[in-house]
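Visitor: A structural model of the following input is requested.
(3 chains)
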Amino acid sequence: MIPISWYLVLSAALFSIGVSAFLIKRNIISIFMSIELMLNAVNLAFVTFAHHWHQVSGQIFVFFVMVVAAAEAAVGLAIIIAVFRSRDTLNVDQINLMKL
Amino acid sequence: MHLVLFLIFAGLCLAGALNLLFQRHPINSALSLIVVMTSLAVLYLLLGAEFLALAQIIVYSGAIMVLFVFVIMLLNVSAEERTHGSRIAYLAGIPGVLALFAILASIFLSLTKNLGSAQLGEFLVTTSDLSRVLFRDLLLPFEVTSVLILVAILGAVVLARKEH
Amino acid sequence: MNTLLLFVLLSLLKVAIVTVILLTSVAYTVLLERKVVGRIQNRWGPSRVGPFGLLQPLADGIKLFLKEDIIPSGVYRPLYLLAPMIALGCALISISVIPFGAALRVHGVDLFQIADLNIGLLVLLAVTSVGVYGIALSGWASNNKYSLMGSVRATAQMISYELALGLSLVGVVLRAGSLRLRDIVNIQSAHGMRSWNIFGGFQFVAFFIYLIAAYAETNRTPFDLPEAETELTGGYHTEYSSMKFAMFFMAEYANMITVGCVATLLFLGGWSSPFGHLLPVIGGPIVQALLPVAWFVAKVFFFLFLYIWVRGTLPRFRYDQLMGFGWKVLMPLALANIIVTSLVLAIRS
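Guide: Residues are numbered from 1 along each chain as shown, chains lettered A, B, ... in the order given. Got it, this is the predicted structure:
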């Protein structure tokens, strides 16, 4: 017997850690990873609510988030590789020009 | 039983997330994120989402994070250096994040009574339940995501191609 | 509470027994490989230690255990130490969902399977996909260009072939309508060999895709580019010695055995006899319980022999050929197999 709210608090904590990592990290790959952490936190909330309302559709949402995250990772990492090829750095403070 | 499992894996989740935050080297962050994702899979199992739990491990830990680790290895990324941008983020962002967490947590905790509690095996979504909803009621969104994936593949191929 | 305690104790006992059996069979698979490859190359193979060289695995184990454990100074220590554990751990975990024989319950504990899950097949895929980290991290943490090359190759290869491997299993799942391994075997056990997925289920294309992808997943010849000794010295385990090297070695052979078990369960009818009900029922209840296990072991043995045979026969692929084959041949074939299988099933029902 676990109060549903504990799961939700865990999800909120993970989301907050993800936001702060997004703000603090300077490496573009780490920033991308903190976005994944936020998505995961939201997924946990979805699964918890699916359990609370006894509805399958909450889990379907998670399914779609996973699909979108996979697509996002493929494109995002390709962009990161392209940026690294042209700038030789992954620090977001040094990637400040639209054109090289 | 449920309580023990929840405490172990929620603790692992939080520890992994904090480690992601404090590690300087991206590969350590990536590995702690894998720990978070795998522990979340166990929490999904506790909440009766058996297919999602395994999909979480296969898709997140086994595919997305392998890509991250692969890119970190390929670019031979070294530990990150702190620059001026991060100081502003510390000053403005961290209090905001703490406030956000405080608000969310207090709302959830105040609703503890109304939300009730979760029991092991009370609600189990089998793979066939999930697929029935996915392929009958939500067929159109499913098909649209397949187009999304196709576009993503094309985009990744175009971006990662070497210029000749 | 007492039944729970009994259940936990019996399960722990089961885990211990299965682990010991698995590790022993890993040791003897190595011996089998050396013997068979020896015969293929017209030599004897190990024959000095014990009768027919049967104690050779023990001698190998003692040798590896007593060797000096070298940790090179340039390595990234935590990951360098973690990598072989991940590799071996994942290789051993996947055996936990595999049923070895027909369900036989004693005090509510299934004797021939550690855990009977609704989603057993997915667990196998998940554990395989996590096992990539062992190899990926070992190469990166070794701080050696050959290791890094080996592990980058291995990672790319395993991600690519995992796709074909997963897709080749969909036909089988469609036929069974379940992800539970026991259900998948049960629909194949009605009429002996005729109802196995590979023959009666018309999944032979899927079977060959699975076979090829599995060779690539376990990094075996002809797909052993990650450890191609002619180009990369030792590949990802160049910098590993003693027990840590042995862990990678055991992981590779444990993976071979798991892959053989999965192929047996999914395509060759698991523990069911190839003759179905043609053979009269013989022996008492104990023989009846052990006969399926014997069939299972025989089929897995056939797989291991095939593995070794291929190793003794085929040359290694070139890397671009390997990636091209995975993406341009195996994946479209697997997709076509899914379409045909689902069409046939839809028309029949």
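Visitor: which parts of the chain are strands?
Guide: Going with chain A. Taking DSSP state E to define them, one finds strands in chain A at A:2-3.
Visitor: hm, I was asking about chain B
Guide: Under DSSP E, chain B gives strands at B:117-118.
Visitor: so where is chain B shaky, pLDDT-wise?
Guide: Applying pLDDT under 70 to chain B flags the ranges B:82-86, B:162-164.
Visitor: burial check on the closest residue to chain A within the stretch 51-200 of chain C, number of neighbours?
Guide: Closest to chain A within the stretch 51-200 of chain C is C:Ile159: 11.3 Å, counting by CB to the nearest CB. No exception for glycine: its C-beta is placed from N, CA and C like everyone else's. For C:Ile159, the count of nearby residues is 18 (other CB atoms under 10 Å in any protein chain shown).
Visitor: need the contact list for the residue lying closest to it once chain neighbours are set aside.
Guide: Spatial nearest neighbour of C:Ile159, chain neighbours left out: B:Val66 (6.0 Å); criterion: CB to CB, 6 or more residues apart in numbering or on different chains. Neighbouring residues of B:Val66 by CB atoms under 8 Å, 6 or more residues apart in numbering or on different chains: C:Ser129, C:Val132, C:Tyr133, C:Ala136, C:Thr155, C:Ile159.
Visitor: swap the cut-off to 7 Å and go again
Guide: Residues in contact with B:Val66 (CB atoms under 7 Å, 6 or more residues apart in numbering or on different chains) are C:Val132, C:Ala136, C:Thr155, C:Ile159.
Visitor: whichever residue of chain B sits closest to chain C: what's it in contact with?
Guide: Chain C sits closest to B:Gly62 of chain B, with a gap of 2.6 Å, by CB to the nearest CB. Residues counted as contacts of B:Gly62 (CB under 7 Å, 6+ apart) are C:Ala126, C:Ser129, C:Val130.
Visitor: of those residues, closest to chain B?
Guide: C:Ser129 (2.6 Å).
Visitor: hang on, the earlier thing: helices - which of the contacts of B:Val66 land there?
Guide: Counting by DSSP state H, the part of the contacts of B:Val66 found in helices is C:Val132, C:Ala136, C:Thr155, C:Ile159.
Visitor: any idea which of these has the most stuff around it?
Guide: C:Ala136 (29 neighbours).
Visitor: pretty sure it sits against C:Gln157.
Guide: No - assessed by CB atoms under 7 Å, C:Ala136 is found out of contact with C:Gln157, at 11.1 Å.
Visitor: could you pull up the mean pLDDT of stretch A:27-35?
Guide: Stretch A:27-35 carries an average pLDDT of 90.
Visitor: that stretch and chain C in contact?
Guide: No - judged by CB under 7 Å from any CB of the partner chain, stretch A:27-35 stays clear of chain C, getting no closer than 14.0 Å.
Visitor: correct me, but C:Leu330 touches C:Leu211?
Guide: No - the criterion here is CB under 7 Å, and C:Leu330 misses it with C:Leu211 at 10.6 Å.
Visitor: ok, those two, which is more surrounded?
Guide: Higher neighbour count among C:Leu330 and C:Leu211: C:Leu330, with 23 against 18, using other CB under 10 Å.
Visitor: list the residues that contact residue 47.
Guide: Picking chain A for this. By CB under 7 Å, 6+ apart, the contact set of A:Val47 is A:Gly58, A:Gln59, A:Val62, B:Tyr44, B:Leu47, B:Ala49, B:Leu52.
Visitor: actually, chain C is the one I wanted.
Guide: Residues near C:Ser47 by CB under 7 Å, 6+ apart: C:Gly53.
Visitor: quickly find the element holding it.
Guide: Using DSSP states H and E, C:Ser47 is not contained in any helix or strand.
Visitor: contact partners of stretch C:287-306?
Guide: C:29, C:32, C:36, C:100-102, C:104, C:112, C:256-257, C:260-261, C:263-264, C:268, C:270-273.
Visitor: over to stretch C:217-237?
Guide: The set of residues external to stretch C:217-237 that reach it, using CB under 7 Å, 6+ apart, is C:128, C:135, C:138-139, C:146-147, C:149-151, C:153-154, C:157-158, C:161-162, C:165, C:215-216, C:245, C:248, C:252, C:255-256, C:259, C:307, C:310-311, C:314-317, C:319, C:322.
Visitor: and for stretch C:109-124?
Guide: B:50-51, B:54, B:58, B:126-127, C:7, C:10-11, C:14-15, C:18, C:94, C:96-101, C:103-104, C:169, C:173, C:179-182, C:262, C:293.
Visitor: the closest residue to C:Met149 other than its chain neighbours - how many residues pack around it?
Guide: Once flanking residues are discounted, C:Met149 sits nearest to C:Leu232: 5.7 Å by CB to CB, 6+ apart. C:Leu232: 22 surrounding residues under other CB under 10 Å.
Visitor: equivalent analysis for C:Gly50, please.
Guide: Counted with other CB under 10 Å, the neighbours of C:Gly50 add up to 13.
Visitor: and the gap between it and C:Pro57?
Guide: Distance, C:Gly50 to C:Pro57, by CB to CB, to the nearest Å: 10 Å.
Visitor: now do the buried residues in stretch C:96-103.
Guide: C:Ser96, C:Val97, C:Ile98, C:Pro99, C:Phe100, C:Gly101, C:Ala102 (16 or more other CB atoms under 10 Å in any protein chain shown).
Visitor: what pLDDT, on average, does that stretch get?
Guide: 84.
Visitor: does that stretch reach chain B?
Guide: No - Stretch C:96-103 is not in contact with chain B by CB under 7 Å from any CB; minimum separation 11.0 Å.
Visitor: and the ones in helices among the contacts of B:Val66 as JSON lines, adding pLDDT?
Guide: Below are the ones in helices among the contacts of B:Val66 laid out as JSON lines (pLDDT from 0 to 100):
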{"residue": "C:Val132", "pLDDT": "87"}
{"residue": "C:Ala136", "pLDDT": "86"}
{"residue": "C:Thr155", "pLDDT": "84"}
{"residue": "C:Ile159", "pLDDT": "84"}
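Visitor: right, I'll leave it there.
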